[in-house]
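Visitor: A predicted structure for the sequence below; I have some questions about it.
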2 protein chains.
Amino acid sequence: MVNVKETMGGLEWSVKVADGSSRVLTPESGPLIRRVQLGLEGLVLKVWKFFKKAWDLGVEDPKKVIHCFKVGIALTLVSLFYYMRPLYQGVGGNAMWAVMTVVVVFEYSVGATLCKCLNRVIGTCLAGALAVGVHWIASRSGDRFEPIILGTSVFILASAATFSRFIPSVKARFDYGAMIFILTFSLVSVSGYRVDKLFDMAHQRLSTIAIGTSMCILISIVVCPIWAGEDLHILITRNMEKLANSLDGCVSNYFMECASSTDDEEDFHKKLQGYKCALNSKATEESLANLARWEPAHGNFSFRHPWKQYLKVGTLIRSCAYCIEALNGSVGSENQAPEFIKNHFSDACLRLSTHTSSTMKELAVMTKTMRKSSKIGFLVGEMNNAVQHLHKSMESLPANIPPAQSPSAESSETDKSTSTSTNNNSFAVPLMELLPIVTVASLLLEIAERVESVVDAVTELASMADFKTEKVEKKLQQKQASVNNKHDKEQHQASQEELTMKAFQQV
Amino acid sequence: MVNVKETMGGLEWSVKVADGSSRVLTPESGPLIRRVQLGLEGLVLKVWKFFKKAWDLGVEDPKKVIHCFKVGIALTLVSLFYYMRPLYQGVGGNAMWAVMTVVVVFEYSVGATLCKCLNRVIGTCLAGALAVGVHWIASRSGDRFEPIILGTSVFILASAATFSRFIPSVKARFDYGAMIFILTFSLVSVSGYRVDKLFDMAHQRLSTIAIGTSMCILISIVVCPIWAGEDLHILITRNMEKLANSLDGCVSNYFMECASSTDDEEDFHKKLQGYKCALNSKATEESLANLARWEPAHGNFSFRHPWKQYLKVGTLIRSCAYCIEALNGSVGSENQAPEFIKNHFSDACLRLSTHTSSTMKELAVMTKTMRKSSKIGFLVGEMNNAVQHLHKSMESLPANIPPAQSPSAESSETDKSTSTSTNNNSFAVPLMELLPIVTVASLLLEIAERVESVVDAVTELASMADFKTEKVEKKLQQKQASVNNKHDKEQHQASQEELTMKAFQQV
């Protein structure tokens, strides 16, 4: 029996021992209880955190919760069907195959479910037919050869089918089918049944699998369908938007160092890091494109929607993201350009980044709405003008900045000549100080070039997928026409300056 | 009856019709036959290509072929065990579960197989126990409530288990277990058996699953084991080597434009593109690290080998690869620096790239052999010296190159001053011409910085995984000591020049 007394602010634990006397527990055991208590608290906290995380995941993406309910419904229906005795008797003990089919085949997206269903049906039929044949041959060849023939055939076919799963083209489409092929072939060929009973069993098994697959397909298409194709479509457009935001944020942060509150800062940081999503999305894009091919026409997507072109666009977006990664690295490096040089370039760089990102954003809108954009040509033109502008401001650097101190002369040869220097046009800034800003400018130029190839790929996609033509606003048309006519730069300098101002306001 | 006659270089097909007369087939059918022939040829070619590809795959990676044979052996053994009637009777009709277990659970690496086996056993036991409980409660609650209780429990548990598969920490380790949990729970709870028969069935099923899993584990560990941990280890070291080669090739190609034969060129191109493997290996690395955690001690790897640190190293390698991607872009751009500027930088850039890549190669050797390197400190020091050298050659540019023409003056202000220019120390090269070379230099500096963080991560790995100490050669020790002592750069300029020469020879 344990007694707890409160003594002078602390707790005293005493235990009645077998001989009747009472022993006060020494402080040694105190920490033990404390430790258990702490351990329990830690466990509760861990479990709490786990559930919090799960809850957040559900709130963030309700589609996942819907998918779970769909699986629950499908499984309950098929289980109850299996539970009902009369029906159960009808399809024999094989009714469990219906339950198993639902558990194994019901996937997150319609494409994945269809892919698995077809794989399961084709794999089962093919392997079943082959196995019945082998079984028949084996049963005719006598008791001695029967196990040899069966074992050899299982060994050869299982090895070959396993190997086929390593071949990329098979793996992408028929991985599950190959597994089902092995499973069915082994089960059927080695089963001890006579061939006529085998046909009976095959009929039952196929009918239960048909029940399971048709239920999965029905529920996954009818109840809040989740399309792999749509997911791919959204992923690509979102990556474009994120890239545009990252680029904007990164460059404006470098040149303007905008002061902001901590809340905004967190948001800003998140925006800045957005491009990282595009860096590692290759595997996801490929698997989604693979699954999308199995899906029937839905929404704006036809059955033969050019999903492969999305992969091309995705790859080009990723190549932009690599450059933004390098840009982020050089923007964040300790080695910073002097203020007056930064100021000289800030105009041109900000303008280029704004035009590049608005081109990217327009591409995102174009892809998202599946309409041809009337603005995109104009935006690319503006981007190219901004590229020219940046080139010019590089060329004009010696003429624009005040003469700085010449770099500490190292060789004796140069000492002689520096004394007479009065040159205002010469470039007296050490190259080292220019290094960060020139890198930023050069990477911006590279990004603009890569964005142009994204524009080409999206335009190709637009013609392949028959994007609708946008109703062109009159104003915009006029603007574009005026730009096309006055191609020499001096004449529309005023309007360019206006655009630059706009760009600043946008940033 | 069809007769074929050869007439004047062509074939004539004649058909005997029912009335006895013979009709010559008109040329219309010629193209049809031709088309069928062409179609067949195309099909044969396609099949041939497919098998050629499969054969190449097998030759390239014999481990995959071995894995296929292992699956074949395991499946044949378990199938024959299922085929033997006496044994078959012993474990009941549930023997098929052994076959199914082998097909589903036998994975490419030991880690994946162990992970699936444990998941299968734990999932089955947990769900089985829970299902028996629910079944017992339902059977006591009367005929009306029984299906309601069963259906509700299946719905709730299936939904919850499906949702848990979306939680990253569960998905990484217990994805398969959650699926097996749903499957077993539905099958057992809804089965029409009485509870006492259920126990009998559970015993049989568990014993067959035990047979299947133990056979899989045994064969996957004993026969030519393929370890996920070892694969991760090899992947990381190979990525380091590829990055080093790409960097070397890219920079030397830019500065030296080495003429080579077409055969060499193909090899060279392959080497140049090697870094791309590192760009997209994130998913592979993560899944391998996840599987490696399940593996017992093997080779040089203990059970608690720090696989997570490999992921950290991998991420840092990838960040280098992003920079190399950007470098490749700017090296390949049309805008090229003038020859004399290229020559000015070629020495310093080549030196830096050589030192960076040899640091990377040393890291690869260090990781591969799992020995601490005595050279690595020296190599990092040399790399940093090369960084300083590149900085210096940037600072010294105005002093070293002959005065070029001043850029075409654009503003009237500068016109006044240029006339008096006699300055030899001034930088009269337009910035635009410097753009490509400065970008290359800046990216090289960034890469060197990132490689240093890879060095830190690998050093951390070395201490975490208790890498052995290398037997230090006397010569090298002396060399390092001399470098540490003479830290001012002018004093060991001679030795540096020697190293640069070596670097050139290596390139």
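Guide: Cool, the structure landed.

Visitor: low-scoring stretches of chain A, by residue?
Guide: Applying pLDDT under 70 to chain A flags the ranges A:1-30, A:85-95, A:192-195, A:257-263, A:334-335, A:397-428, A:430, A:470-507.

Visitor: what about stretch A:180-187 and chain B, touching?
Guide: Yes. Interface with chain B: stretch A:180-187 contributes A:182-183, A:186-187 (C-beta under 8 Å from any C-beta of the partner chain). Any C-beta I mention is one placed from the backbone N, CA and C, and that applies to glycine too.

Visitor: number of residues surrounding the residue of the stretch 1-150 of chain A at minimum distance from chain B?
Guide: Using C-beta to the nearest C-beta, the closest approach of the stretch 1-150 of chain A to chain B is made by A:Gly72 at 3.7 Å. Applying other C-beta atoms under 10 Å in any protein chain shown, we find 23 residues neighbouring A:Gly72.

Visitor: can you name the residues of the stretch 151-300 of chain A that neighbour chain B?
Guide: A:151, A:154-156, A:158-160, A:162-164, A:166-167, A:169, A:179, A:182-183, A:186-187, A:189-192, A:279-280, A:282-283.

Visitor: in PyMOL, select just the buried ones from the residues you listed.
Guide: A single PyMOL command selects the buried members of these (16 or more other C-beta atoms under 10 Å in any protein chain shown):
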select buried, chain A and resi 151+154+155+158+159+162+163+164+166+167+179+182+183+186+187+189+190+191+279+280+282
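
Visitor: just the ones in helices from the residues of the stretch 151-300 of chain A next to chain B, please.
Guide: Per DSSP state H, helices hold the following members of those: A:151, A:154-156, A:158-160, A:162-164, A:169, A:179, A:182-183, A:186-187, A:189-190, A:279, A:282-283.

Visitor: where does the residue in the stretch 201-350 of chain A positioned nearest to chain B land in three-state SS?
Guide: With C-beta to the nearest C-beta, the shortest gap between the stretch 201-350 of chain A and chain B falls at A:Ala326, namely 3.9 Å. Classification of A:Ala326 by DSSP: H, G, I helix; E, B strand; the rest coil places it in helix.

Visitor: identify the residue spatially nearest to it, adjacent ones excluded.
Guide: Nearest residue to A:Ala326, sequence neighbours excluded (C-beta to C-beta, 6 or more residues apart in numbering or on different chains): B:Ala326, at 3.9 Å.

Visitor: how close does the one you found sit to A:Cys323?
Guide: Using C-beta to C-beta, to the nearest Å, B:Ala326 is found at 5 Å from A:Cys323.

Visitor: same question for A:Ala210.
Guide: Applying C-beta to C-beta, the value for A:Ala210 to A:Cys323 is 52 Å.

Visitor: for A:Val223, same thing?
Guide: Going from A:Val223 to A:Cys323 by C-beta to C-beta gives 43 Å.

Visitor: neighbour count winner among the two?
Guide: A direct count of neighbours by other C-beta under 10 Å for A:Val223 and A:Cys323 places A:Cys323 higher, at 28 against 14.

Visitor: most centrally placed residue in chain A?
Guide: A:Ser281 (3.8 Å; C-alpha atoms, centre = their mean).

Visitor: correct me, but that one touches A:Leu235?
Guide: Yes. Using C-beta atoms under 8 Å, A:Ser281 is in contact with A:Leu235, at 6.5 Å.

Visitor: that older thread, show me the contacts for the residue of the stretch 201-350 of chain A closest to chain B.
Guide: A:443, B:322-323, B:325-326, B:443, B:446 (C-beta atoms under 8 Å, 6 or more residues apart in numbering or on different chains).

Visitor: just curious, which of the residues you listed is nearest to B:Asn385?
Guide: B:Glu446 (17.4 Å; C-beta to C-beta).

Visitor: do I have it right that the closest one meets B:Tyr322?
Guide: No. Counting by C-beta under 8 Å, B:Tyr322 is not a contact partner of B:Glu446; they are 9.8 Å apart.

Visitor: quick check: angle from the longest helix along chain A to helix B:431-464?
Guide: If you go by DSSP H, chain A has its longest helix at helix A:431-464. Put simply, helix A:431-464 runs at 90 degrees to helix B:431-464, going by axes from the mean of the first three to the mean of the last three C-alpha atoms, to 10 degrees.

Visitor: helix A:431-464 vs chain B: in contact?
Guide: Yes. Using C-beta under 8 Å from any C-beta, helix A:431-464 comes into contact with chain B via A:431-432, A:434-436, A:438-439, A:441-443, A:445-446, A:449-450.

Visitor: restricted to buried residues, select these in PyMOL.
Guide: Selecting only the buried entries of the residues of helix A:431-464 next to chain B in PyMOL, with 16+ other C-beta under 10 Å as the criterion:
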select buried, chain A and resi 431+432+434+435+436+438+439+441+442+443+445+446+449+450
